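Peer 1: Coordinates only, no sequence provided:
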């Protein structure tokens, strides 16, 4: 098992919210993981579309797993999201992560959320602080 997978296992196994979301880990490499989830009825808001927090949370988990996959503890310090297309129950969402910049202290990531038709439904940007502590795995 790779160190990336070992770190993500440790994080995911202690992350009840990501589990509640139904996140599936599709591909794991340092700096760019692929996560997927299926939108459920209880994830919808009063407009009958997915609550913005669902795509945000999926992207936030992708940010955490991608950044920490390098083996250095990293926490988000700034994030933002733009919702570009409505998401409905039954939609399958997948992350596409690009590590834009990585230094010893800061990582900057762009995360696109795609639906099952490969349409962009959200654009997320996240910055993490890397505290220099290695993951003990």
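Peer 2: That came in fine, so what should we check first? Keep in mind the model is a prediction, meaning the values are calculated, not measured. Numbers count the residues shown, from 1 in each chain.

Peer 1: For the helix or strand where residue 81 lies, give me every contacting residue.
Peer 2: Take DSSP states H and E as the rule and residue 81 turns out to sit in strand 72-83. By C-beta atoms under 8 Å, 6 or more residues apart in numbering, the residues outside strand 72-83 that reach it are 52, 55-56, 59-60, 63-64, 67-68, 107, 121-135. Backbone N, C-alpha and C define where each C-beta goes, glycine included.

Peer 1: Next step: those residues restricted to helices.
Peer 2: For the contacts of strand 72-83, the ones inside helices are 52, 55, 56, 59, 60, 63, 64, 67, 68, with DSSP state H as the criterion.

Peer 1: Separate out the buried members of those residues.
Peer 2: 55, 56, 59, 60, 63, 64, 67, 68 (16 or more other C-beta atoms under 10 Å).

Peer 1: I'd say the first one and residue 112 touch.
Peer 2: No. When contacts are counted by C-beta atoms under 8 Å, residue 55 is not listed as touching residue 112 (10.4 Å).

Peer 1: what sits in contact with each of these two?
Peer 2: Common neighbours of residue 55 and residue 112, using C-beta under 8 Å, 6+ apart, are 122, 124.

Peer 1: any idea of the mean pLDDT in stretch 123-130?
Peer 2: Per-region confidence: stretch 123-130 scores 98 on mean pLDDT.

Peer 1: If we go by neighbour counts, what in that stretch is buried?
Peer 2: Of the residues in stretch 123-130, those buried under the neighbour-count criterion (16+ other C-beta under 10 Å) are 123, 124, 125, 126, 127, 128, 130.

Peer 1: repeat for stretch 107-124
Peer 2: Residues of stretch 107-124 classed as buried under the neighbour-count rule (16+ other C-beta under 10 Å) are 107, 108, 109, 111, 112, 113, 114, 115, 121, 122, 123, 124.

Peer 1: Among those residues, which ones are in strands?
Peer 2: Here DSSP state E is the test, and those give 107, 108, 109, 111, 112, 113, 114, 121, 122, 123, 124 as lying in strands.
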